[in-house]
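Participant: the sequence isn't on hand, but the structure is:
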């Protein structure tokens, strides 16, 4: 498998490559040298060559990378070519913003259910779905077998909910809470969105005049 | 200055230390060894010692770190002890969720203004503010001199808006759009929130059974 040769740190950088390549595609640019891509992404050309050489065959000396091919290949490695069903737990302001604004399909997911425990939210629309009562979670998971849960609940609710979801077959979490799911479940795939951490870094930068 | 001795990569990790130390404080734990903290944070004890030794004096051999002192010191280095005024541009679902859910003050910011161009949004409440028409941005910035802008607008609007904001004295951006502000303004502090990137990483993990 080609993927096995790609290190975790390269994988972590791939979404950023994908984003920049997508912008170049939008501008109808078809080829770019490692040096030009490096300037754009503010990394070194040697880092780019090292990262993208894992893929093999897309860069030719003196000719540059074929943007369309590299974009598609990175998308395939990130799994965007297969669709995984996801459910959203918690459709408050943040959950609704995420449900409505994200292009899930482009990133290999399909939002198939949305759940909340508030009577004011249950029955409302989220993206193309109707929010269901959290009491129907078990029945829904047994029938539809979603693999991923998007946790947009208060952090205090995250421990119990993640336990329940894992028991119902959830294998991965997009976690907007500050609860550390992997602490008790090291075998579950988790990506945490820690908005606090990025704001904290901005605090440091702005107060120390760092860019 | 102590800060000058701290590398960019350590600074990048500090918010995560701050978060874990905050959780320990909540549990009324006052001391922790580098080994215990390493287990909790899933890094090596030597990484922790290396990172936190920059601060000097908080860890004593065989005695562990003083959690309260380390927490406060990291908070000070991240600049949480001085307050910077911030304005929000774009109060759609995402902007409203961010305005209402974030504890700005704890992270060294104060939200002093919120702006939108939609007649349906102008005049509504966001956190403790009333959303102003974007036409009043210039007048507001001249009077209140905010230093930071939180960009929650569509990516297509980000280029023009960031130009305008920089001309009005904005020095830093918490950027929820996919527009790369630093491309034209390398001297501005920017933290990007790329939700797509974290969802892309989850796609890779879940489809390759990586944790």
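Facilitator: Received, thanks. Note that the coordinates shown come from a computational prediction; the quantities given were computed from them, not determined experimentally.

Participant: my read: residue A:93 touches residue B:101, true?
Facilitator: Yes. Using Cβ atoms under 8 Å, residue A:93 is in contact with residue B:101, at 7.1 Å. All C-beta spots, glycine's among them, are computed from the backbone N, C-alpha and C.

Participant: which stretches of chain A form strands?
Facilitator: Taking DSSP state E to define them, one finds strands in chain A at A:31-32, A:59-60, A:64-66, A:84-89, A:109-116, A:125-126, A:129-130, A:132-133, A:148-151, A:172-175, A:189-192.

Participant: now do the helices in chain A.
Facilitator: Counting by DSSP state H, chain A has helices at residues A:8-26, A:34-41, A:45-53, A:67-77, A:93-101, A:137-144, A:155-167, A:195-208.

Participant: can you list the buried residues in the second one?
Facilitator: Using 16 or more other Cβ atoms under 10 Å in any protein chain shown as the burial criterion, the residues of helix A:34-41 that qualify are A:34, A:36-38, A:41.

Participant: ok, these vs residue A:136, which is closest?
Facilitator: Ranked by distance to residue A:136 (Cβ to Cβ), the buried residues of helix A:34-41 are led by residue A:41 at 44.9 Å.

Participant: excluding chain neighbours, what is closest to residue A:133?
Facilitator: Closest residue in space to residue A:133, ignoring its immediate chain neighbours: residue A:122 at 4.8 Å, by Cβ to Cβ, 6 or more residues apart in numbering or on different chains.

Participant: now swap in residue A:137 and tell me
Facilitator: Setting aside the residues directly before and after it, residue A:137 is nearest to residue A:115 in space (Cβ to Cβ, 6+ apart), at 5.6 Å.

Participant: next one: residue A:174
Facilitator: The spatially closest residue to residue A:174, leaving aside those adjacent along the chain, is residue A:150, at 4.5 Å (Cβ to Cβ, 6+ apart).

Participant: and that neighbour, what is it in contact with?
Facilitator: Residues in contact with residue A:150 (Cβ atoms under 8 Å, 6 or more residues apart in numbering or on different chains) are A:86-89, A:95, A:98, A:111, A:173-174, A:176.

Participant: list just the nearest of the residues you listed to chain B.
Facilitator: Closest approach to chain B among the contacts of residue A:150 (Cβ to the nearest Cβ): residue A:174, at 5.4 Å.

Participant: beta partners of that closest one?
Facilitator: Bridge pairing for residue A:174 (DSSP bridges) gives the partners residue A:150, residue A:191.

Participant: low-confidence ranges, chain A, go.
Facilitator: Along chain A, the parts satisfying pLDDT under 70 run over A:1-5, A:55-62, A:211.

Participant: domains in it, by residue range?
Facilitator: Domain assignment for chain A, taken from automatic domain parsing, gives A:2-76, A:84-197.

Participant: any chance of those in a markdown table, plus distance to residue B:159?
Facilitator: Below are the domains of chain A laid out as a markdown table (distance: least, Cβ to Cβ, whole Å):
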| stretch | distance to residue B:159 |
| --- | --- |
| domain A:2-76 | 12 |
| domain A:84-197 | 19 |
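
Participant: out of those, deepest packed?
Facilitator: Comparing the domains of chain A by mean neighbour count (mean count of other Cβ atoms under 10 Å in any protein chain shown), domain A:84-197 ranks first with a mean of 19.

Participant: off-centre distance for that domain?
Facilitator: 13 Å (Cα atoms, centre = their mean, to the nearest Å).

Participant: quote the end-to-end distance of it.
Facilitator: End-to-end distance for domain A:84-197: 28 Å, by Cα to Cα, to the nearest Å.

Participant: what do you get for stretch A:54-68?
Facilitator: Start-to-end, stretch A:54-68 (Cα to Cα) is 17 Å.

Participant: list just the nearest of the buried residues of helix A:34-41 to chain B.
Facilitator: Using Cβ to the nearest Cβ, the buried residues of helix A:34-41 come closest to chain B at residue A:41, 9.1 Å.

Participant: wouldn't that closest one be in contact with residue A:20 here?
Facilitator: Yes. The criterion here is Cβ under 8 Å, and residue A:41 meets it with residue A:20 at 5.5 Å.

Participant: find residues that contact each of those two.
Facilitator: With Cβ under 8 Å, 6+ apart, residue A:41 and residue A:20 have no common neighbours.

Participant: residue A:20 and residue A:38 touch, don't they?
Facilitator: No. Contact status for residue A:20 versus residue A:38: not in contact, 10.6 Å apart, counting by Cβ under 8 Å.

Participant: roughly how far apart are residue A:170 and residue B:123?
Facilitator: Plainly put, residue A:170 is 41 Å away from residue B:123 if you go by Cβ to Cβ, to the nearest Å.

Participant: no no, residue A:193
Facilitator: Where residue B:123 is concerned, residue A:193 sits at a distance of 30 Å (Cβ to Cβ).

Participant: same check on residue A:137?
Facilitator: Separation of residue A:137 from residue B:123 (Cβ to Cβ): 38 Å.

Participant: residue A:197 now?
Facilitator: Noted for residue A:197: a distance of 33 Å to residue B:123, by Cβ to Cβ.

Participant: is there proximity between stretch A:180-187 and chain B?
Facilitator: Yes. Judged by Cβ under 8 Å from any Cβ of the partner chain, stretch A:180-187 and chain B are in contact via A:182-183, A:186-187.

Participant: farthest pair in the residues you listed?
Facilitator: So, the residues of stretch A:180-187 next to chain B by Cβ to Cβ: farthest apart are A:183 and A:187, at 12.1 Å.

Participant: which residue, other than its chain neighbours, is closest to residue A:207?
Facilitator: Of all residues not flanking residue A:207 in the chain, residue B:79 sits nearest, at 3.4 Å (Cβ to Cβ, 6+ apart).

Participant: need phi/psi at that neighbour.
Facilitator: Torsion angles at residue B:79 (phi, psi; degrees, to the nearest 10) stand at phi 90, psi 20.
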